[in-house]
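S.K.: pasted the sequence and its predicted model underneath.
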Amino acid sequence: MEKRKFKGAARRVALVGIAAAVIECAKLALAALPNIEAVTLLVALFGYNFGGAGVLSALLFVCIEPLVFGVGSWVVSYFLYWPALALLFMLLRRAGVRSRLVITLAALLSTLWFGVLTSLVDIGLFTGHFDNFFYRFGIYYTRGIPFYIAQLATNAVLFPLLFRPLSDKLGKIIKM
């Protein structure tokens with residue numbers, strides 16, 4: 001009995017590490033293309049299919065990021081956003097959601113939230129005061145709109161096309 005527990009725990013640890021590595025590699029592979037990303041798809045897939053291990057893989061991914069890119073205000077946003085995204089998709093799976101439309105809408109709304117969150121964190125961390133906060137936020141957010149559009153377009157294409165087939169493949173891997 002103890003060997004089974006260890007074997008299962010060892011597999012979960014390996015799964016978390018491999019999933020985090022896949023996310024990081026996908027991010028690095030697409031780094032030359034501004035805001036064209038597969039991280040959202042992968043984090044959502046791992047949260048949806050691996051549950052808590054998917055959330056941990058998102059957290060590990062966030063821990064790796066500052067080692068690669070250094071520390072900036074974005075680290076705060078990443079620690080808030082990526083594990084929460086994995087958790088959202090884990091909850092969608094537990095709720096029995098399989099609709100391509102609902103999953104894509106969840107991804108697109110989450111992507112919109114990412115832009116708002118990063119802007120809020122950047123304005124809140126670097127201004128030191130809160131007068132005219134929403135005015136400054138509006139300017140800061142507006143400046144990033146072309147990048148948010150690229151993220152939304154990427155996810156609007158990737159999620160309807162790839163989420164279900166990749167999720168099915170991951171389900172088969174889990175059963176093995």
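M.R.: Here it is on my side, so go on. Residues are numbered from 1 along each chain as shown.

S.K.: show residues contacting whichever strand or helix holds Trp82.
M.R.: Following DSSP states H and E, the helix or strand that holds Trp82 is helix 74-94. Here helix 74-94 makes contact (Cβ atoms under 8 Å, 6 or more residues apart in numbering) with 39-40, 43-49, 51-52, 54-55, 57-59, 61-62, 65-66, 102-103, 106, 110, 113-114, 117-118, 121-122, 125. C-beta coordinates here come from the backbone N, C-alpha and C atoms, glycine included.

S.K.: next one: Ser77 from Val71, what distance?
M.R.: 12 Å (Cβ to Cβ, to the nearest Å).

S.K.: whoops, I mixed them up, Gly54
M.R.: 25 Å.

S.K.: those two: who's more crowded?
M.R.: Using other Cβ atoms under 10 Å, the more surrounded residue of Gly54 and Val71 is Gly54, with 28 against 10.

S.K.: so how far is the helix or strand harbouring Gly138 from its chain's centroid?
M.R.: If you go by DSSP H and E, Gly138 is part of helix 133-143. Centroid displacement of helix 133-143 relative to its chain, using Cα atoms, centre = their mean, to the nearest Å, is 24 Å.

S.K.: helix or strand right after it?
M.R.: Next in line after helix 133-143, if elements are assigned by DSSP H and E, sits helix 145-158.

S.K.: what helices or strands is that following helix leaning on?
M.R.: helix 39-50, helix 100-127 (3 or more Cβ pairs under 8 Å, 6 or more residues apart in numbering; DSSP states H and E).
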